[in-house]
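Asks: the sequence and its predicted three-dimensional model are supplied below.
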Amino acid sequence: MNASNTGPILSVANLCFRYGPLEALCEVSFTVEKGDYIGLVGPNGSGKTTVIKIILGLMPPGNGTVSLFGTDPSAFEERHKIGYLPQKLTNFNPYFPATVKEIVSLGLFSKKKFPKRILKGDAELVDEAMTLTGVIDIKDALIGELSGGQQQRVLVARAIVNKPELLILDEPTTALDPEARENFFQLLRELNLSKNVTIILVTHDMASIGKYASKLLYLDKKIIFYGSFENFCLSENMAHYFGEFAQHLICHRHD
Ligand code: ADP
């Protein structure tokens, strides 16, 4: 392991952010280590998407500092190190004329410099991403003909085709039924365990995420809790904050 692999992948310190008069984030500090699988949870409007956009360098931090692989996110050039799945699931028209394989191949372009061409070794990367996400058998199917869960897997394949070190997903499961959602969380768990991909997953599904993620970050403009699920379950503060019943439901990870 070289020196650049030893520090945190991401560190956020004293981050505050306002949209005009509205305070969206206040004194948010946390670090993400390689191999973490973090469930980022919080009520609607609690600043989850805002923090993700700042991490990705899509918005400047108001106050505070963010360091992504040791760099200011807005100056970060190694985009291929990050896979990002935004909130909105594209509603593919059933006749959208692209196959699974073509959609996954599009993910290669973020790493390429001009002229952007698909090269020989690229086919292997695409096949590997499709195998990992379980869509290789449907590689020639039209994307619009697939179920929501299958489409989501294809979008994950596209996001991981460059072998990112960090995968960020913003509410990717809202359109999925409970079974497809559990399968999706499981897929991320496998990527995390077998490929050591660091994952930050924004989700509403607090009751299920504990089965898969290793850490919980509960945000409500400020950090209410950040740590392992085990520590969350043992925390008297959290029992007080959520009520023992809700804490029990989260800890026992009921369906
Ligand atoms: P979450 O992702 O947790 O639902 P957001 O980060 O989207 O929360 O939003 C945090 C707060 O900032 C909310 O009150 C939201 O209404 C507000 N907000 C988000 N985006 C904007 C914007 N572009 N302009 C003004 N207010 C915004």
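Replies: Looks like it came in fine.
Asks: from here on, just use CA atoms for contacts and neighbour counts.
Replies: Fine.
Asks: stretch 193-211 close to the ligand?
Replies: No: judged by C-alpha under 6 Å from any ligand atom, stretch 193-211 makes no contact with the ligand; its nearest approach is 8.3 Å.
Asks: end-to-end on that stretch?
Replies: Terminal residues of stretch 193-211 lie 14 Å apart, using C-alpha to C-alpha, to the nearest Å.
Asks: buried residues in that stretch?
Replies: Residues of stretch 193-211 classed as buried: 196-211 (neighbour count, 16 or more other C-alpha atoms under 10 Å).
Asks: relative to the ligand, which of the residues you listed is nearest.
Replies: Nearest to the ligand among the buried residues of stretch 193-211 is residue 202, at 8.3 Å by C-alpha to the nearest ligand atom.
Asks: for stretch 143-158, what is the distance to the chain centroid?
Replies: Distance of stretch 143-158 from the chain centroid (C-alpha atoms, centre = their mean, to the nearest Å) equals 16 Å.
Asks: pLDDT on it, on average?
Replies: For stretch 143-158, mean pLDDT rounds to 88.
Asks: any residues touching it, and which ones?
Replies: If you take C-alpha atoms under 8 Å, 6 or more residues apart in numbering as the criterion, stretch 143-158 is touched by 85, 89, 92-100, 103-108, 126, 129-130, 132-135, 172, 175-176, 180-181, 184.
Asks: what subset of these is buried?
Replies: For these, buried by 16+ other C-alpha under 10 Å: 85, 89, 92, 99-100, 103-105, 107-108, 126, 129-130, 132-135, 172, 176, 180-181, 184.
Asks: inside strands: which ones of those?
Replies: Residues of those located in strands (DSSP state E): residue 85.
Asks: now, the buried ones among the contacts of stretch 143-158 that are in helices?
Replies: Taking DSSP state H, the ones among those that sit in helices are 100, 103, 104, 105, 126, 129, 130, 132, 180, 181, 184.
Asks: what distance do you get for the second one to the ligand?
Replies: Using C-alpha to the nearest ligand atom, to the nearest Å, we find residue 103 at a distance of 27 Å from the ligand.
Asks: so which helix or strand takes in the closest residue to that residue other than its chain neighbours?
Replies: Using C-alpha to C-alpha, 6 or more residues apart in numbering and skipping residues adjacent in sequence, the residue nearest residue 103 is residue 158, 6.7 Å away. Here residue 158 sits within helix 148-160, counting by DSSP states H and E.
Asks: next secondary structure after that helix?
Replies: Criterion used, DSSP H and E; the element after helix 148-160 is strand 166-170.
Asks: adjacent strands (with direction) for that next one?
Replies: With DSSP bridges as the test, strand 166-170 is paired with strand 82-85 (parallel), strand 198-202 (parallel).
Asks: so can I have CSV of these showing mean pLDDT?
Replies: Conversion of the strands paired with strand 166-170 to CSV gives the following (pLDDT from 0 to 100):
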stretch, mean pLDDT
strand 82-85, 90
strand 198-202, 95
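Asks: up against the ligand, what does the chain have?
Replies: Applying C-alpha under 6 Å from any ligand atom, we find that the chain lies next to the ligand at 19, 24, 44, 45, 46, 47, 48, 49, 50.
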